[in-house]
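Novice: quick one, what's the 3D model for this:
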Amino acid sequence: MTDFSQILVDHPANKVMRITLNRPEAMNAYTTRLCEEVTEAIEIYLRDDNQRALVITGAGRGFCSGGDVSGNGDDEHKALMASQLSHGREMRDGMHRVILALQRCDKPVIAMINGPAVAGGLTLALACDIRIASDQAKLGDTSGRFGLLPDEGGAWFFPRAMGMDRALKMSMLAETYDARTAMELGLVTEVVSDNALEDETLKLATALAERAPLAVRLAKQMMLRSHDVTLERSLGDAALSVMVTNPSQDVKEGVKAFFEKRAPQFTGK
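Specialist: As a prediction, this is how the structure comes out:
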């Protein structure tokens, strides 16, 4: 596997891969290098059919605090920040690539939010399919405190997650919320106690990894596309998709396991 310097990659459960942002001294603020490594790791996950669920989390006390504004990032990041015109390229080649890679990934992705997920860190979490947060986590958009924008994709994700009025209020006032408030606002799927976060997240990831891969991947694609198509087009996608799933060995195995009163063993065939 590729040697990474700003992320960790491991396999904490069967058929489960985990990416850990590994800049705890900076609350896992992202740099150009970190974004490149996360994008590469997502591609590794996508191409490995033996890995059926991905967990993204942060090392130390934070999930991700957004872009590194300290000036202490890697040399490539510093060079980009030195030129006004290069800021757009830094976004396109950096966190934008990560967000698009997650949106294009047709396999399950879980954000394990172990601490602050703010600004671009919140966008990163929202780009995942499911978000499990520690009850000690804080979430929100702090970009405005620095005169910055929700430029990593937040302007797209925030209104879809919490409604336009709440998204505008959060970003314009640079608000952050505790985990349970964030869940009520639609930013988090589930909140668990901090000491149970890893166990509960891996339990969910393992359950997803045991599902029928064809059905999981096609269901995710259909739901993601539903934002941009009519009901008629969505139904057309469904009709095409069942031509793949219904004749599959996994469906035969699922039906057989049901009548034999046992857990199915799905293979993705």
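Novice: burial of G67, as a residue count?
Specialist: Neighbours of G67 under the rule other C-beta atoms under 10 Å: 26. C-beta: built from backbone N, CA, C; applies to glycine.
Novice: now it: phi and psi?
Specialist: Backbone geometry at G67, expressed as degrees, to the nearest 10, gives phi -70, psi 150.
Novice: which residues does the residue lying closest to it once chain neighbours are set aside contact?
Specialist: Among residues not flanking G67 along the chain, G120 sits closest, at 5.4 Å (C-beta to C-beta, 6 or more residues apart in numbering). G120 sits next to Y30, C64, G66, G67, M95, S143, D151, E152, G154 when contact means C-beta atoms under 8 Å, 6 or more residues apart in numbering.
Novice: what's the answer for A209, then?
Specialist: Shown in contact with A209 (C-beta under 8 Å, 6+ apart): A13, N14, K15, V16, Q51, R52, A53, P108.
Novice: from G254, how far out is it?
Specialist: 16 Å (C-beta to C-beta, to the nearest Å).
Novice: also K203?
Specialist: Plainly put, K203 is 21 Å away from G254 if you go by C-beta to C-beta.
Novice: same check on E36?
Specialist: 39 Å.
Novice: who's more crowded, the two?
Specialist: Comparing E36 with G254 by neighbour count (other C-beta under 10 Å), the higher total belongs to E36, at 19 against 16.
Novice: report the secondary structure element holding that one.
Specialist: Assessed by DSSP states H and E, E36 sits inside helix 32-47.
Novice: buried residues, that helix. List them.
Specialist: Buried residues in helix 32-47, counted by 16 or more other C-beta atoms under 10 Å: T32, R33, L34, C35, E36, E37, V38, T39, E40, A41, I42, Y45.
Novice: quick one: mean pLDDT for that helix?
Specialist: The average pLDDT for helix 32-47 rounds to 96.
Novice: now do the same contact list for the nearest residue to R211 once chain neighbours are set aside.
Specialist: What sits nearest to R211 in space, not counting adjacent residues and going by C-beta to C-beta, 6+ apart, is F266, at 6.7 Å. Residues near F266 by C-beta under 8 Å, 6+ apart: E210, R211, A212, P213, D250, E253, G254.
Novice: out of these, who's nearest T189?
Specialist: Of all those, T189 sits closest to R211, with 16.8 Å by C-beta to C-beta.
Novice: pull the number of nearby residues for the closest one.
Specialist: By other C-beta under 10 Å, the residues close to R211 number 18.
Novice: work out for me the element it sits within.
Specialist: When elements are assigned from DSSP H and E, R211 belongs to no helix and no strand.
Novice: so where do the helices sit in the chain?
Specialist: With DSSP state H as the criterion, the chain has helices at 32-47, 75-81, 86-93, 95-104, 120-126, 154-162, 164-173, 179-185, 197-209, 213-225, 231-245, 249-259.
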